[in-house]
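**Q** need a 3D model of the sequence below.
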Amino acid sequence: MSDHNDALQIVRHSAAHLLAHAIKELYPSTLLTIGPATKEGFFYDLLPTTNFKEEDLPLIAQRMQEIAERNLPITHKQISKQEARELYKNNPFKLELIDEIPGDTVGLAEQGDFYDLCKGGHVASTGLLKHFKLLNVSGSYWRANRNNQALQRISGTAFQTPKELRLYEQRIEEAQKYDHRKLGKQLDLFSFHEEGTGFPFFHEKGKILLQLLKDDLRKELLKLDYQEINTPIMLSVDMWKQSGHFDFYKNNMFFSEIEKQEYAIRPMNCPGSILVYKERPRSYRELPLRLAEFGLVHRNELSGVLHGLFRVRAFTIDDAHMFCTIDQIKQEVKNTITLVRNTFAKFGFNTVKIFVSTRPEKSLGTDEYWQKATDALTEPLKELQLPFGIQEGEGAFYGPKIEFHIEDSMGRTWQCGTVQVDPFLPKQFDLSYIASSGKKETPFIIHRAVYGSLERFIGVLLEHFKGNLPFWLAPVQIKLLTITDEQKSYALNILHQLQERGIRATIDESSDPISGKIKNAQLERVPWMLVIGAKEVESNVITLRYRDGKQEAGLTLNDVLIKAEQYIKNYTI
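**A** Numbers count the residues shown, from 1 in each chain. Model prediction:
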């Protein structure tokens, strides 16, 4: 981490304490739990006597500013656990934390008459905490466990300078303007309903977009000798216990009972692919065996963290599981890295940051296994001369992973594709293949996703392009606009020819004037409009109007078809 980022995290850590200080002054009976700095800012989880509302944030922010203006020195010291227990005798959350901290002492930060448990790392005084913004109120659970006490989370962000905060607010304002939830409604792509909280409903155009992403990736997978499969959305709980998902994800899984046997709706696709692999004996000649699946998964996310398509309870993972020998891992990882980077480039995501996530606290296997698995990911990256960072403790419970972070047109980064090496699940399910020696060997599994969640990726795309999807990806590519009804038969003939060539085209059959038809097509973010009047019919031509208002007159239908095919072939943005 750079010095700037280190300093920024200290500011944000201190801002979390400033928030807690303001809360205790305004709402003394509120119980504090934890309030860390994050990559984007900070938050504090609280147990109030009366729930906070978004309308409370300005009052809390005003009190934070007042405390900042007092310029209180921030100090840190170690106190005995017994003294800490006395300070927090009425706060069970802090008492639990005190008991878990190793040693006989704990850290305590103080500013004025406010104090909080803390490891340290603060600015010198509250006067240095003036450039912050409170963002929202959401629900959470103590220790992020839904079986624990329900809490409220107040989130915010903070910066070292007013300029940084101003730039952040400008980015937020732009992001809100092009929020994918607004665009999804405006463009008739998807919707959400109370009857299925957290479950997206895709409309016709949204379904087309979803299918286009699948079909484009399918073309690349066929070139790489993938086999596409489809496995059940629900399997017995015993299967999930054997895979290890039950122990690690049961709080985020949905369950059902059939004929007194317990089933779980899949949160991941891995076990289904494993059962396909186990269907018959396998030979080394079949490896690597690449099984791909666009699998719908369900996860019981907290209602407080649901956010449009970015965080849902049902989504599609463009999953694949490559069953291979140890000698094949490096090339498979290399091929996957290339696939992911090439796919992102089609959308104009040319800035791709790569991270390797290492062993988390809750995980399976030995240190030796984790080191070998991590090397299996880092070595291909080094050979491809791709720079990467390390994310300590961010791997899956069964293995390390490569994460691909893309940067959008607003300068935000999104984690999408992943690659993971896994020797654990093959052993759990007693997978084998007959080696060239005639002996049974255990294969490795490489888990990979390119888009990750297709739903989330669509949300990212909508905001990245600000609703103006490129021609090759737009659900409606061309809309025909006639000046009067007299040109309708001519336009319908063109429409049918476009559709026969696979172009997604439609016609505006309204009685609106041409200016109104153009305006409606622009609101629908249609890339191309074909304007047809009496002159076009007389000359057997078309006027092509682009989404940005530019026009090309006197084109033949063949001219338009050639241009469209080039745009599609070259993934023109």
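
**Q** what element comes up after the helix or strand bottoming out on mean pLDDT in the chain heading to the C-terminus?
**A** Across the helices and strands of the chain, mean pLDDT, DSSP states H and E gives its lowest value to helix 245-249, namely a mean of 83. Using DSSP states H and E, the helix or strand that directly follows helix 245-249 along the chain is strand 254-258.

**Q** how about that next one: buried residues?
**A** By neighbour count with 16 or more other CB atoms under 10 Å, strand 254-258 contains no buried residues. Every residue, glycine included, has its C-beta placed from N, CA and C.

**Q** got it, and stretch 391-398?
**A** Result for stretch 391-398 [16+ other CB under 10 Å]: buried residues 394-398.

**Q** now do the buried residues in the helix ranked longest in the chain.
**A** Ranked by residue count, the top helix of the chain under DSSP state H comes out as helix 3-26. For helix 3-26, the neighbour count (16+ other CB under 10 Å) marks 8-25 as buried.

**Q** and Met529, backbone torsions?
**A** Main-chain torsions, Met529, degrees, to the nearest 10: phi -120, psi 130.

**Q** tell me what it is bridged to.
**A** Met529 has these beta-bridge partners by DSSP bridges: Lys479, Arg545.

**Q** swap in Met234?
**A** For Met234, the beta-bridge partners are Ile265 (DSSP bridges).

**Q** what's around it, how many residues?
**A** When neighbours are defined as other CB atoms under 10 Å, Met234 has 14 of them.

**Q** report pLDDT for it.
**A** Listed pLDDT for Met234 reads 95.

**Q** that one contacts Tyr263, correct?
**A** Yes: contact criterion CB atoms under 8 Å: Met234 and Tyr263 qualify, at 4.9 Å.

**Q** any shared contact partners between the two?
**A** By CB atoms under 8 Å, 6 or more residues apart in numbering, Met234 and Tyr263 have these common neighbours: Ser256.

**Q** which phi and psi does Gly452 have?
**A** Per degrees, to the nearest 10, the backbone of Gly452 is at phi 80, psi -120.

**Q** quick check: of the buried residues of stretch 391-398, which lies closest to Gly156?
**A** Of all the buried residues of stretch 391-398, Gly156 sits closest to Glu394, with 23.3 Å by CB to CB.

**Q** point out where the chain drops to low pLDDT.
**A** Applying pLDDT under 70 to the chain flags residues 1-4.

**Q** can you verify Asn335 is assigned to a helix?
**A** Yes: the assignment for Asn335 (DSSP: H, G, I helix; E, B strand; the rest coil) places it in a helix.

**Q** give me the nearest residue to it, chain neighbours excluded.
**A** With CB to CB, 6 or more residues apart in numbering as the criterion, Asn335 has its nearest non-adjacent residue at 6.4 Å, and that residue is Leu224.

**Q** shouldn't the one you found be in contact with Glu332?
**A** No: Leu224 is beyond contact range of Glu332, at 9.8 Å (criterion: CB under 8 Å).

**Q** in terms of packing, which of the two has more residues around it?
**A** Set Leu224 next to Glu332 and count neighbours by other CB under 10 Å: Glu332 wins out with 24 against 15.

**Q** who are the contact partners of the more buried one?
**A** Counted by CB under 8 Å, 6+ apart, Glu332 has contacts 288, 322, 324, 446.

**Q** any idea what the third one is bridged to?
**A** Residues in a beta bridge with Cys324, per DSSP bridges, are Phe444.

**Q** how many neighbours does it have?
**A** The burial count for Cys324: 23, using other CB under 10 Å.

**Q** isn't it right up against Ile446?
**A** Yes: judged on CB under 8 Å, Cys324 makes contact with Ile446 at a distance of 6.5 Å.

**Q** quick one, phi/psi of the residue nearest to Asn335?
**A** According to degrees, to the nearest 10, Leu224 has phi -100, psi 10.

**Q** before we move on, what about Ile74?
**A** The phi/psi pair for Ile74 (degrees, to the nearest 10) reads phi -110, psi 120.

**Q** now swap in Tyr115 and tell me
**A** The phi/psi pair for Tyr115 (degrees, to the nearest 10) reads phi -140, psi 160.

**Q** OK, contacts around it?
**A** For Tyr115, the contacting residues are 87, 108-109, by CB under 8 Å, 6+ apart.

**Q** partners of it in the sheet?
**A** Counting by DSSP bridges, Tyr115 is bridged to Glu110.

**Q** which SSE is immediately downstream of the helix or strand hosting Lys77?
**A** Applying DSSP H and E as the criterion places Lys77 in strand 74-80. As assigned by DSSP H and E, the chain's next helix or strand after strand 74-80 is helix 81-87.

**Q** and after that next one, which helix or strand comes next?
**A** The helix or strand immediately downstream of helix 81-87 is helix 92-100, counting by DSSP H and E.

**Q** list the buried residues of that following helix.
**A** For helix 92-100, burial by neighbour count (16+ other CB under 10 Å) applies to 93-94, 97-98.

**Q** go through the residues you listed and name the one nearest Leu213.
**A** Closest to Leu213 out of those is Phe93 (43.3 Å), distances taken as CB to CB.

**Q** dump the residue contacts of that closest one.
**A** Phe93 touches 31-34, 47, 142, 149, counting by CB under 8 Å, 6+ apart.

**Q** show me those that map onto strands.
**A** 31-32, 47 (DSSP state E).

**Q** circling back to that earlier point, which secondary structure elements does the least confident helix or strand of the chain contact?
**A** Packed against helix 245-249, as judged by 3 or more CB pairs under 8 Å, 6 or more residues apart in numbering; DSSP states H and E, are the following elements: helix 237-243.

**Q** buried residues of the helix it packs on, list them for me.
**A** Neighbour-count burial for helix 237-243, counted by 16+ other CB under 10 Å, picks out 237, 239-240, 242-243.

**Q** also stretch 346-360?
**A** Across stretch 346-360, burial judged by 16+ other CB under 10 Å covers 346-349, 352, 354-359.

**Q** chain center to that stretch: distance?
**A** With CA atoms, centre = their mean, to the nearest Å as the basis, stretch 346-360 stands 12 Å off its chain's centre.

**Q** and it, end to end?
**A** 33 Å (CA to CA, to the nearest Å).

**Q** and what of stretch 522-536?
**A** From its first residue to its last, stretch 522-536 covers 21 Å (CA to CA).

**Q** what does stretch 396-415 give?
**A** Distance across stretch 396-415, first residue to last, is 15 Å (CA to CA).

**Q** what residues sit buried inside that stretch?
**A** Buried residues in stretch 396-415 (16+ other CB under 10 Å): 396-406, 408, 414-415.
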